[in-house]
Structure formats: C-alpha cells, structure tokens
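>>> for reference, the sequence and a predicted model appear below.
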Amino acid sequence: MTAERGSPLRLGFAGLGVGAGMFLRSIDRYPHVKVVAAAEVRPHALESFAQRYGGRTYDSVEALCADPDVDVVWIATPNHLHHEHALLAAAQRKHIICTKPMALTVAECSEMCEAAERNGVALLCGQTYSMSADIQAMAQVAASGRLGRVISVTMMMSADWLLKPRVPEELDESRGGGVLYRHGPHLVDTVRVLAGKRLRSIRGSVGRWMPERPCAGNFSAFLSFEDGTPATIFYNGYGYFDTSELTWGIGNRQYSDAERIVVRRELRSGVSDGASGKEAMRFGAPGEAPPLDDPNDANKISPWFGVTVVSCERGDIRQSPHGIFVYDDDGRHEIEVKLDPIGLPDVKELYEYRTFGKPLTHDGRWALATLEACTAILQSSEEGREIVLAHQGSEAVRAG
C-alpha cells in the first residue's frame, strides 16, 4: 500500500448491490474517502459507477484487490463469498471493511483474522446497528455506573424481511441466507455492546414457518454473560406485527400494512418476481431507491432495530424519538442524540485507526465472537440444549 498517513482512504467496492448503493450515497459526504474502483458482475452497475465516480471497474474481486491505488476493500458481496474475498484483499495488503455477517463459520472468521494479522492490515466488520448513535449513547450511560450495574438487556424486533424481494442465496442458509445470518448480527452485536461483558452461553430457538421463504424467519434466544447478566433477543421477519408501531414509527419497514397484504398474496400464488424486485433496489438500476437519510436533518436518528431496553440496578435506558430516555429515581429524562450527518461509523473508525492510531473496536475478532453467538442460536435450536461459547476473548468487551 502506498497511501500516506492522514491521506484520504482510497476505497474499492467489492460488490455493487443494495447495501453498496446505500453506503455510496453517504460516502459522497465523507471528506476523508475517495472512491476509486469497484468490482461487480453486472455490467450496467459498473457503467453507472464509472459515470458517477470516474473510478476503475473490474469484473472480479481478485482484479480489484490487485489495483495498486486501492487502500481499502469494502466487501459487500454475498455472504458466502466474504471469506474468499477477504483473503484475496489481505493477500494484497489492503485494509478491509466487511459487511455483516463476517462469514458463515467461526473457522472462516479465524482464517480472515489470521490473514489480516499476518499481512499487517486492518480488518473491520461493520454495518451493524450497535454502531448507531442511539445505541452508543445508551452504552455510555450504562457504562458510566450512574444507574448501577447492568442487570439485563432486552431487544425485540418484528419486521417484513421475508416479504421483501429476495434472490436464492438470501433464502439458502448454507450460503448465509435467512434472518439469523442477515439480521442476527445486529441484535447480538447490540446486546453485547450494551451489556459490556463477555458472553458465556446461549439457549436459542429458530423457526421456519413460511413455505414460500424456506429459511429461518424468526428466532429467540437467552444469552448469559460471564457474570450471570441475562439478555433476551427476539426477531420475527414474517411481516404481520411490526415493532415500529411501538417506536413512534421509527424502524426498518419497507411496506405499508396494505402493501404487505398484496405482497403476501403474490408470494402464495407464485407470481412474485423476486429477481426483478431485487434488481430494482441495487446500485445502478433504473429508478434506484433514494437515500434513506436526510443529511440536512441533524436531529434524525437512524432506523431502529425494534425495541431495546437496558435495565440497571437503579434505572432503565431505551431509545426516544430524539435520542434516549433515562429512567431513574428522579423520573424520566431525555438525552438528545444527534445523528452524524455523514454517518459511516465503520469508515470513520478505520480512518482514525490509520491516521491517529486509534484502536479498532469492531475488528475481526469482535465480529468472530458475534458470528459464534449467531451460529450458537442455530446449534442450540437444532440440538435442544444450551451452548457454551468458546471464542469470546478479551476483545469481546471492547466495542462499546
């Protein structure tokens, strides 16, 4: 790598799907990043990228990683390819930002971490809700001790994930499909940050109740931390009740109640076209979805993953419409939390690591521990027993 300390991160995107499109809209506002290249198998997406950013385009991730002008490879390819593509990037001594889930197994995560460490590059696994401004504010209050020790964390979300346009790999659990791989890291990461302790064990249950979407569609889990602090997480992606009804309309829902009725009928009748619907959402597609955030709204909070409550010895903490609510012996107080108009906490974290030597919090070892917890929920459900975790090292309490 030839980049000098303090110079902008020269970023190459591996994959130009839905997620990449969301990130690119925010990256336009980040002063310390220059988007220089992208790899994608869809020619029209590469054409659109070249027109918007003037960057180089490649039809393989291997070619992207070999580009000498790329400092950082942002891996936004399908879940089952994260491991392969991270190894390619590390071998070329590129820093790596990998979207969740980090990989499909603990063994794959371990190889990714070892490759990054061996080649002297940073591996950051971002894009989880735990990095959002409201959760970080809750974690700061919890860690301050003003409410005593944390005694439990509860997180629940009901959404319409299974009703949205899906392609085969998103529904194939062997390739990282289903809600446990897709959204499980958000919940697990969040309760780990809020508890501020190392996980010890998990007892979980996973459901598959929609024939038209043959993958994990809901899960529940009881997580026990090393000092006995409990956390409970619940996720339902079938699109009936939506937790945004309980959170002032703030959430991740895509369809209205009326639209959900139509989509469900189309799925059951076999007329739903998931491939076309998905393509319409991807980067470079005609009528590509607009940005989800307003850079001029400094008070806007990022979409929530349901309801999150931290209970402490002398009070509770949860999200509010403009930040967080703290409940203590003097009543309820709202602490305003302003959304960073630029966003991209993962890019900011990597930039500060490279420029100022600030330690990474959401690094590969942290993400490995989150992935272990997610796969333990699946294992517990299949085997009907509590799973004691084996890869929750000291890094498991860093990312608060």
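Nice, thanks for sending it over. Numbering: from 1, shown residues only.

>>> please give me every residue in contact with the residue nearest the centre of the chain.
Nearest to the geometric centre of the chain sits Thr128, at 2.7 Å (CA atoms, centre = their mean). The contact partners of Thr128, by CB atoms under 8 Å, 6 or more residues apart in numbering, come to Lys100, Pro185, His186, Asp189, Thr190, His362, Thr370. Every residue, glycine included, has its C-beta placed from N, CA and C.

>>> quick check: closest non-adjacent residue to it.
Asp189 (4.3 Å; CB to CB, 6 or more residues apart in numbering).

>>> next up, phi/psi of Arg200, please.
Backbone torsions of Arg200, given as degrees, to the nearest 10, read phi -110, psi -50.

>>> and what of the one 10 residues further on?
Met210 adopts backbone torsions of phi -120, psi 100, taken as degrees, to the nearest 10.

>>> in terms of contact, does it touch Gly217 like I think?
Yes: with contact defined as CB atoms under 8 Å, Met210 and Gly217 form a contacting pair (5.4 Å).

>>> same drill for the two, tell me which one is more crowded.
Taking other CB atoms under 10 Å, Met210 and Gly217 do not tie; Gly217 has more neighbours (22 against 19).

>>> tell me the contacts of that one?
Trp161, Leu162, Gly178, Val179, Gly207, Arg208, Trp209, Met210, Asn236, Gly237, Tyr238.

>>> what about stretch 218-233, start to end distance?
Using CA to CA, to the nearest Å, the end-to-end distance of stretch 218-233 comes to 11 Å.

>>> what are the phi and psi values for the nearest residue to Gly120 once chain neighbours are set aside?
Excluding the flanking residues, the one nearest Gly120 by CB to CB, 6+ apart is Arg93, at 6.9 Å. With angles defined as degrees, to the nearest 10, Arg93 sits at phi 60, psi 40.

>>> again, but for Pro230
Pro230 adopts backbone torsions of phi -100, psi 150, taken as degrees, to the nearest 10.

>>> who's in contact with the nearest residue to it once chain neighbours are set aside?
Among residues not flanking Pro230 along the chain, Ser152 sits closest, at 5.2 Å (CB to CB, 6+ apart). Counting by CB under 8 Å, 6+ apart, Ser152 touches Thr229, Pro230, Ala231, Thr232, Val310, Ser311.

>>> mark which of those are buried, thanks.
Applying 16 or more other CB atoms under 10 Å to the contacts of Ser152, the neighbour count classes Thr229, Ala231, Val310, Ser311 as buried.

>>> what helix or strand is Met22 on?
Using DSSP states H and E, the element containing Met22 is helix 18-27.

>>> same for the helix or strand that comes right after that helix, what does it pack against?
Downstream of helix 18-27, the first helix or strand assigned by DSSP H and E is strand 33-39. In this structure, strand 33-39 packs against strand 9-14, helix 18-27, helix 43-53, strand 56-58, helix 61-65, with contacts taken as 3 or more CB pairs under 8 Å, 6 or more residues apart in numbering; DSSP states H and E.

>>> quick one, helices of this protein?
For the chain, the helices defined by DSSP state H cover 18-27, 43-53, 61-65, 82-91, 106-118, 133-144, 168-171, 179-182, 184-195, 257-269, 274-279, 345-356, 364-383.

>>> got a markdown table for those helices, with mean neighbour count, distance to Ser224 and mean pLDDT too?
Formatted as a markdown table, the helices of the chain follow (neighbours: other CB atoms under 10 Å; distance: least, CB to CB, whole Å; pLDDT from 0 to 100):
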| stretch | mean neighbour count | distance to Ser224 | mean pLDDT |
| --- | --- | --- | --- |
| helix 18-27 | 21 | 32 | 84 |
| helix 43-53 | 17 | 44 | 93 |
| helix 61-65 | 21 | 39 | 98 |
| helix 82-91 | 24 | 28 | 98 |
| helix 106-118 | 19 | 19 | 98 |
| helix 133-144 | 20 | 18 | 96 |
| helix 168-171 | 16 | 31 | 94 |
| helix 179-182 | 24 | 19 | 96 |
| helix 184-195 | 27 | 10 | 97 |
| helix 257-269 | 14 | 35 | 95 |
| helix 274-279 | 15 | 38 | 83 |
| helix 345-356 | 19 | 28 | 91 |
| helix 364-383 | 23 | 11 | 97 |
